[in-house]
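**Q** sequence first, then the predicted structure, then my questions.
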Amino acid sequence: MDNTILRTEALHAYYVLDVYGKQKILKAVNEVDLAIQEDEIYGIAGESGCGKTTLLKALAAAVEPPLRVMSGRVTYRIAGEDVDVATLTPEEKRKLRLEYIAYVPQGSMSVLNPVARIRDTYRDFIESHIGAHQKAEAYELAKEHLSELGLPLKILDAYPHQLSGGMRQRVTIALATLLKPRIIIGDEPTTALDVVVQRGVVQLLKDVQRKLQNTIILVTHDMGVHANIADRIGIMYAGKIVEEAPTEKIFGAPAHPYTQYLINSLPKFGDKTQRESVPGSPPSLANLPSGCPFHPRCPHAKDICKQEMPGFTQVEPKHRVACWLVGEGEHGKAA
Amino acid sequence: MEKLLEVENLTKTFTLGSVLSRVKITAVDNISFYIKPAEIFALAGESGCGKTTTARIIMGFEHATSGVIIHGGKKEAKNEKVWFTEGIQAIFQDPFGTFNPLRQVERYFFETIENYKLAKSKQEAIDRIDAKLRLVGLSHEDLAGKYPSEFSGGQLQRISIARALLTDPQLIIADEPVSMVDASLRMSIVNLFKKLRDELGVSVLYITHDLATAYYVCDRIAIMFRGKIAEMGTVEQVLMAPKHPYTQLLRASIPEADTAHRWQGEIKLTDTEEEEYLRQGCRFAGRCSHVMSICRTTPPPDFEVEGAQVACHLYAEQHID
């Protein structure tokens, strides 16, 4: 059975900028096909400036100029029907947010209102999405929700600055999951946190997912977090997904040279052998190399890599790679 | 044993709040450690543990409340002016914040040369700059006439290191040098520190929260917790067989890039940091799973356990069964 809840088809999302009268185009999302399943944690990994955050914006239907969807589409499966997000009105999109799709950003301090108590932020959320409630009723709902997630109730009376970074991030997650959304999108939700706190936040995300049986799309550059939480991982490079596989495969048998570098450069405890970074620097999205965008940094580059972008080759069921070394490939659709 | 830099009983207290409601926070609480020549020493811990404050005191940006720093036989008593810079250079966390975006990168090199009078002619200066840049895999031509925006974060961080090397320092203080560099480029910076240690005999004080890179690059490590050193020893001792319950928690919380070692069990977090700073006795007592009554009243002294230094009551002799 097809359990796809969110699908993108040949999605192209570019930033169209006007720099001193000259048009500049940043190809941040360049032909991305994804099929994200229900009840799955899907990880997206890649270095900064590879288009991860832009892809999330397109997935969350939060595309605003200068970002434009040039072609392709994003569809949600809502109540058994596929809905193209481009056809939704702003009001419909507003309703979908939080109830169907929720977003957990990186900097929790810039999300919570610094002059409102957490309790009031909760009330705003509840009022705007469930309708005008009594103050007391909203408070009860918030209390119930927090105790379900195992967070202390005293934080409701605190201001954001009185909470630690980890607690703030957990409050943001709690807010995002208040209406039990089917999809939660996390953009580096643990990046600015300490390791112990990070583990607590990831723990909460996992708990929520287990309870709601919903989908989490998690973007982070920290491969360790991916290894711990994701079911499937897509590796993104210069606006494209270059490899996609179940987590065990990405770490155990990476097929794309970029993924191999990424995995092999990670330091491990108990192993002091020399590690190497990916050579060179990431390309600029405004001026992508021809063919496969990784070819200037790839030690195995062949002539064809400089001319043509490879399509996906299915290495195994659920494991696809876009690399000439692995196979000719066709522009394969997402599994 | 020869010691390049020695820190003895260093303490730094900050006062928070207004005149009427003062709270004293001891950011660095009576810590002592030393760095040997040609050694990479890590000062690791979570944010707010005092590692950066310690580095700032060593660099002279901050004055210690008490304690001494000994470098090259010279002592710095408290509240004296900055007394040394030669021999110690620093690299900071944010490569984009290090350089003025409107200033050519090479100006920083010429400025350092002028300040320390390292060259007699322009050609000599360029030769020196080029030699140092080659150590980090760049050359003067790559830099000439360019602005910081023309480099990636990883390149700028390498340029920072080359600039620090101009004075032929014995010690480089690197404050979170890779935390803002992409994971795919981190190793190029970290490998550089190894190369500097092995080829030039430079010591590095590596301040980080990333224990995995610390394990990879460092010789010895001190784990700080709320202003105190919880555990200190070689990376093998401290990270492969952690003794202090806090180090054990920290070590277990690192997400390992290995699907075979996923996290097991649940952990407990604190709500506020202040609570732990103001705690009597051991500051980890509130979260420790081995907590005893003595932990809540008396701060633990340092015990020597299998070669490592551990500040935990569990290792007091009467408790070893």
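**A** Structure's in. What do you need?
**Q** write out the residues of the stretch 51-200 of chain B neighbouring chain A.
**A** Neighbours of chain A within the stretch 51-200 of chain B, by Cβ under 8 Å from any Cβ of the partner chain: B:152, B:154-155, B:182-188, B:190-191. To be clear about C-beta, it is placed using only N, CA and C from the backbone, and glycine gets the same treatment.
**Q** got any ranges where chain A has weak pLDDT?
**A** A:1, A:107-109, A:131-133, A:328-335 (pLDDT under 70).
**Q** quick check: the residue of it nearest chain B.
**A** Closest residue of chain A to chain B, Cβ to the nearest Cβ: A:Gly224 (3.1 Å).
**Q** report the contact partners of the closest residue to that residue other than its chain neighbours.
**A** The shortest distance from A:Gly224 to any non-neighbouring residue, by Cβ to Cβ, 6 or more residues apart in numbering or on different chains, is to B:Pro255 (3.1 Å). B:Pro255 is in contact with A:195, A:198-199, A:202, A:222, A:224-225, A:227-228, B:263, counting by Cβ atoms under 8 Å, 6 or more residues apart in numbering or on different chains.
**Q** A:Gly51 too?
**A** Here A:Gly51 is in contact with A:27-30, A:236, A:238-239, A:285 (Cβ under 8 Å, 6+ apart).
**Q** let's go with 10 Å and repeat that
**A** Contact analysis of A:Gly51 by Cβ atoms under 10 Å, 6 or more residues apart in numbering or on different chains lists A:13, A:15, A:26-30, A:32, A:44, A:57-58, A:236-241, A:285.
**Q** what do you get for B:Pro300?
**A** By Cβ under 10 Å, 6+ apart, the contact list for B:Pro300 reads B:228, B:230, B:244, B:281-285, B:294, B:310-316.
**Q** could you pull out the helices for chain A?
**A** According to DSSP state H, chain A carries its helices in the segments A:52-59, A:90-99, A:118-130, A:135-149, A:165-176, A:195-212, A:223-229, A:247-252, A:257-264, A:303-307.
**Q** swap that for the stretch 51-200 of chain B, please
**A** B:51-59, B:95-98, B:105-116, B:122-135, B:140-143, B:153-165, B:183-195 (DSSP state H, counting those that start in this stretch).
**Q** report the contact partners of B:Ile229.
**A** B:28-33, B:43, B:45, B:49-50, B:54, B:222-223, B:244, B:302, B:309-311.
**Q** element containing it, please.
**A** strand B:228-234 (DSSP states H and E).
**Q** so what pLDDT did the most centrally placed residue in chain B get?
**A** With distances taken as Cα atoms, centre = their mean, chain B has B:Ile207 as the residue nearest its mean C-alpha position (2.0 Å). Looking at B:Ile207, its pLDDT reads 93.
**Q** wait, it sits on B:Ala55?
**A** Yes - the pair formed by B:Ile207 and B:Ala55 meets the contact definition of Cβ atoms under 10 Å, at 5.3 Å.
**Q** spit out the residues that contact the two alike.
**A** B:43, B:173-176.
**Q** which among the contacts of B:Ile229 count as buried?
**A** For the contacts of B:Ile229, a neighbour count by 16 or more other Cβ atoms under 10 Å in any protein chain shown gives the buried set as B:28-29, B:31-33, B:43, B:45, B:49-50, B:54, B:222-223, B:244, B:302, B:309-311.
**Q** looking at these, which are in helices?
**A** Per DSSP H, the buried ones among the contacts of B:Ile229 map to helices at B:Thr54.
**Q** what about chain B: which of the contacts of A:Gly51 touch it?
**A** Restricting the contacts of A:Gly51 to those within reach of chain B (Cβ under 10 Å from any Cβ of the partner chain) leaves A:Tyr237.
**Q** from the contacts of A:Gly51, which would you call buried?
**A** For those, buried by 16+ other Cβ under 10 Å: A:13, A:15, A:26-30, A:32, A:44, A:57-58, A:236-241, A:285.
**Q** how close does A:Tyr20 get to B:Phe151?
**A** To B:Phe151, A:Tyr20 is 23 Å away according to Cβ to Cβ, to the nearest Å.
**Q** more neighbours: which of the two?
**A** Using other Cβ atoms under 10 Å in any protein chain shown, the more surrounded residue of A:Tyr20 and B:Phe151 is B:Phe151, with 21 against 5.
**Q** OK, contacts around B:Thr213?
**A** So B:Thr213 contacts A:266-267, A:275, B:42, B:44, B:177-179, B:186-187, B:189-190, B:193, B:206 (Cβ under 10 Å, 6+ apart).
**Q** which one of the residues you listed is nearest A:Gln162?
**A** Checking those against A:Gln162 by Cβ to Cβ gives B:Ser179 as the nearest, at 25.9 Å.
**Q** mind listing what that closest one touches?
**A** Contacts of B:Ser179 by Cβ under 10 Å, 6+ apart are A:191-192, B:93-94, B:186, B:207-210, B:213.
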